[in-house]
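[1] sequence unavailable; structure follows:
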Ligand code: MRU
């Protein structure tokens, strides 16, 4: 798994510009909070855990350049930069989680010298990255048992290496099961409007030698009907306290189709995706994106000028449709209200 989705260096965060994949593999260096805001907004770096890691790295790099002489002044700069980065995208909670963690590290160390604080922030951002990688591996191990030999697995959007700091969430069980020698088929929904399934999931699974078949979104229910799909695994951008989960638009339709065909639907996510402050998925803010994402494909216009559009980037799958949540500490089954609180531990 050698995809360097996010790397945190002393003076820059290096990311793969995912808007160019699969045609071009280009690494870009982000040096300022403004550049990182743009990269997240434009989905150069995307996927819930990856944007949290990248934003944490950008904060550390931004503060690393600060001329502020005292840690107090630096703390003010960091909080302003974190609040600014938090406005880039609203749905994935991992972004806010990572920014909060950086702020907390700074507050705990406010008595240190500015030089020491800069080092602390850099190592906190790197710790967030390393933990995300490790969580991906662990949740992959927990979820691999769900994939039977010879089965068909459907996934939606990209919740793989490209969406995290390393191993992925929905694709992590697939990678682990494949690595252990199981053989099965993965069906990747293309995932309109921005085609993360076609451009990214098909690319990264193919690169690892996994047997992947790309389908258009509107083919999934039919393949279920034809007995090609045995289970569905997606990632998640935010999980509420009752187990409802937000993920890429179209996930809800897939979960409904899976239920209609009696196929288990799983959501895989690291603990940074859990938001117990929200009682249900009703409260999850859903990002609305530009009309051009609906009226164009790959920059080419496909709809008449002036047509009305709506473009929610995510939807919420109600917990009743989720057979289990796959996490770095194992599978979580209903009742979710109780079991998610137990998973999170004492506040
Ligand atoms: O808009 P994106 O590409 O950031 O949306 C990504 C998804 O919805 C993923 O499925 C989700 O973040 C889970 S990633 C591990």
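    All right, it came through fine. Note that the structure is predicted; figures quoted are calculated from it, not measured.
[2] residues contacting residue 48?
    92-95, 163, 169, 235-238, 269, 272-273 (CB atoms under 8 Å, 6 or more residues apart in numbering). Yep, even glycine has a C-beta here, placed from its N, CA and C like the rest.
[3] apply 7 Å and report the result again.
    92, 94, 163, 235, 237, 273 (CB atoms under 7 Å, 6 or more residues apart in numbering).
[4] got it, and residue 159?
    Residues in contact with residue 159 (CB under 7 Å, 6+ apart) are 47, 168-171, 234-235, 268.
[5] narrow those residues to those in strands?
    234, 268 (DSSP state E).
[6] let me know the closest of the contacts of residue 159 to the ligand.
    Distance ranking of the contacts of residue 159 against the ligand, using CB to the nearest ligand atom, places residue 235 first at 2.6 Å.
[7] that closest one contacts residue 269, doesn't it?
    Yes - contact status for residue 235 versus residue 269: in contact at 6.2 Å, counting by CB atoms under 7 Å.
[8] overlap of the contact sets of the two?
    residue 169.
[9] mind listing the helices for this protein?
    Under the criterion DSSP state H, the chain contains helices at 33-41, 48-64, 71-85, 93-108, 114-144, 171-179, 196, 202-207, 220-225, 251-260, 292-295, 336-344.
[10] next up, the contacts around residue 242.
    279-280, 319, 336-337.
[11] let's see it at 10 Å
    Counting by CB atoms under 10 Å, 6 or more residues apart in numbering, residue 242 touches 276, 278-282, 318-320, 334-337, 340.
[12] what's the domain layout of this protein?
    By the record's domain assignment, the chain is partitioned as 6-138, 142-344 (automatic domain parsing).
[13] before we move on, back to that, can you say which of the contacts of residue 242 are buried?
    Taking 16 or more other CB atoms under 10 Å as the criterion, what is buried in those is 278, 281, 318-319, 334, 336, 340.
[14] closest one of the residues you listed to residue 288?
    Using CB to CB, residue 281 is the member of the buried ones among the contacts of residue 242 that lies nearest residue 288, at 16.6 Å.
[15] for the closest residue to that closest one other than its chain neighbours, phi and psi?
    Spatial nearest neighbour of residue 281, excluding adjacent residues (CB to CB, 6 or more residues apart in numbering): residue 244 at 2.9 Å. Phi and psi for residue 244, reported as degrees, to the nearest 10, are phi -60, psi 150.
[16] thought residue 244 was touching residue 274?
    No - the criterion here is CB atoms under 10 Å, and residue 244 misses it with residue 274 at 11.6 Å.
[17] which neighbours do these two share?
    236, 238.
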